[in-house]
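S.K.: Need the 3D shape of this:
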Amino acid sequence: MSSLSGLTVLAGPTAVGKGTVSTYIRDNYPQVWLSVSATTRSPRPGEEEGVHYFFKSTEDFDRLVGEGEFLEWAVVHGVNRYGTLRSTVEAALAQGKHVLLEIDLQGARQVKEAVPDARFVFLAPPSWDEMVRRLVGRGTETPEEQQRRLETAKLELAAEPEFDHTVVNDDVRRAADELVQLMGLTPNPR
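M.R.: Next up is the predicted model:
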């Protein structure tokens, strides 16, 4: 058993609500430690360093990759890189925390190779139309970026069978409660 057993990985297509479900869990389940990824992309409005992401320059990210500091890392949507710092995950697990990684499909595949005994959960949209509505509705990408993300989402949806469990994000609280239950926790009473 690896030092990273007990790890839960959440992945799914773009705009499915991974961040929203993870934020709900972070805010309502203090016993769950939500990993903070490093990224080369610029912060979106309201995002804070060390809370939402560790924003890294391309040079810093390259150095960390070269030093083997990432549990996983990937280029997402052909543009920016994201990665999970191994040391922060190992430290949280050593403290007995329930660790949740919210990552993209490429990263989930890397973690599966490195930590096959982790729990892998696919967050699925209730429908394709709802996923498109969410992506367009959040208004954080240009029409070109939206189209690129939707093309990526088609490939990501096809990866669902690679995961141990699927949770449909038809309601954030319900999906979060189902996910923490899969992690071995009791959902909060309503």
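S.K.: Roughly how far does residue 28 sit from residue 187?
M.R.: Note on residue 28: its distance to residue 187, by Cβ to Cβ, to the nearest Å, is 9 Å. Every C-beta, even on glycine, is put in place using the N, C-alpha and C of the backbone.
S.K.: hey, which helix is longest across the protein?
M.R.: For the chain, the longest helix by residue count, based on DSSP state H, is helix 143-157.
S.K.: So for the helix or strand following that one, what gets flagged as buried?
M.R.: Beyond helix 143-157 in the direction of the C-terminus, DSSP states H and E gives the next helix or strand as strand 165-168. Residues of strand 165-168 classed as buried by neighbour count (16 or more other Cβ atoms under 10 Å): 167-168.
S.K.: and strand 165-168, what's its mean pLDDT?
M.R.: Strand 165-168 comes out with an average pLDDT of 97.
S.K.: Pairing partners for it, with directions?
M.R.: In the sheet, strand 165-168 lines up against strand 119-124 (parallel) (DSSP bridges).
S.K.: In CSV, list the C-alpha atoms belonging to the helix or strand of the chain with the lowest mean pLDDT.
M.R.: Scoring the helices and strands of the chain by mean pLDDT, DSSP states H and E places helix 128-138 at the bottom, with a mean of 83. Below are the C-alpha coordinates for helix 128-138, written out as CSV (Å, rounded to 0.1, in the frame of the first residue of the first chain):
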residue,chain,number,x,y,z
TRP,A,128,-24.8,17.5,-22.7
ASP,A,129,-27.2,20.5,-23.1
GLU,A,130,-26.8,21.4,-19.4
MET,A,131,-23.0,21.2,-19.6
VAL,A,132,-23.1,23.6,-22.6
ARG,A,133,-25.4,25.9,-20.7
ARG,A,134,-23.1,26.0,-17.7
LEU,A,135,-20.0,26.7,-19.8
VAL,A,136,-21.5,29.5,-21.8
GLY,A,137,-23.4,30.9,-18.7
ARG,A,138,-20.3,31.3,-16.6
